[in-house]
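> Provide a 3D model corresponding to the input given below.
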Amino acid sequence: MTMKIRYILPLCVTLALPGCLTVQSRQAGIHQFVETRDGRESVWGIDINLDLLSFSPEIQSDEITITDGKYGRDLKTIMTWTVSSDRKCLQIRFKPSKGDFGTGNGVTVHIQKSAMSGRKDLNNRYEWSMLTDIQ
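Just a heads-up that it's a prediction; the model follows:
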């Protein structure tokens, strides 16, 4: 029984965006994307997973704000973002050779209501924040 789960899980994960888990194993919220690049382990991006709402198939540049917690800089020009096919996961990554979050940093992401679908609340935008030290 245990062996079947070990073989099925990697197959399911490959069907979603790398880093975004399948619907069955995904937990709503904001999560670090930790990866080793050039021999260095760091937080190279984040995933935002939704439960009740969904993202629009594409999020336009004027509908998202990605702010560095340490310096307050807008990171949109050095990052990419992709919505999963089920529209429940937003994957945000640093562009190649543009850096990582580093030590003692954080990130805040704002998504305008226009980039969401489902039952929306009265806010004009949604916000997620997290510290980006490796956990």
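
> okay, buried residues for stretch 52-64 please.
For stretch 52-64, the neighbour count (16 or more other CB atoms under 10 Å) marks 53-55, 59, 63-64 as buried. Any C-beta I mention is one placed from the backbone N, CA and C, and that applies to glycine too.

> how far does that stretch sit from the chain's center?
The chain centre lies 12 Å from the centre of stretch 52-64; the measure is CA atoms, centre = their mean, to the nearest Å.

> dihedrals phi and psi, the residue nearest the centre of the chain?
When CA atoms, centre = their mean is applied to the chain, the residue found nearest the centroid is Asp47 (1.8 Å). Backbone dihedrals for Asp47, given as degrees, to the nearest 10, come out at phi -120, psi 140.

> name whatever forms a beta bridge with it.
Counting by DSSP bridges, Asp47 forms beta bridges with His31, Gln91.

> what's the pLDDT at it?
pLDDT recorded at Asp47 is 96.

> what do you get for Ile8?
26.

> all strands of this structure, in order?
29-37, 40-49, 54-55, 64-68, 79-83, 89-94, 106-112, 116-117, 125-131 (DSSP state E).

> closest to Asp100 out of those strands?
With respect to Asp100, and counting by CB to CB, the nearest of the strands of the chain is strand 40-49 at 4.1 Å.

> quick one on the thing from earlier: need the strands of the chain in JSON lines with distance to Asp100, can you?
Below are those laid out as JSON lines (distance: least, CB to CB, whole Å):
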{"stretch": "strand 29-37", "distance to Asp100": "8"}
{"stretch": "strand 40-49", "distance to Asp100": "4"}
{"stretch": "strand 54-55", "distance to Asp100": "24"}
{"stretch": "strand 64-68", "distance to Asp100": "11"}
{"stretch": "strand 79-83", "distance to Asp100": "11"}
{"stretch": "strand 89-94", "distance to Asp100": "6"}
{"stretch": "strand 106-112", "distance to Asp100": "11"}
{"stretch": "strand 116-117", "distance to Asp100": "28"}
{"stretch": "strand 125-131", "distance to Asp100": "14"}
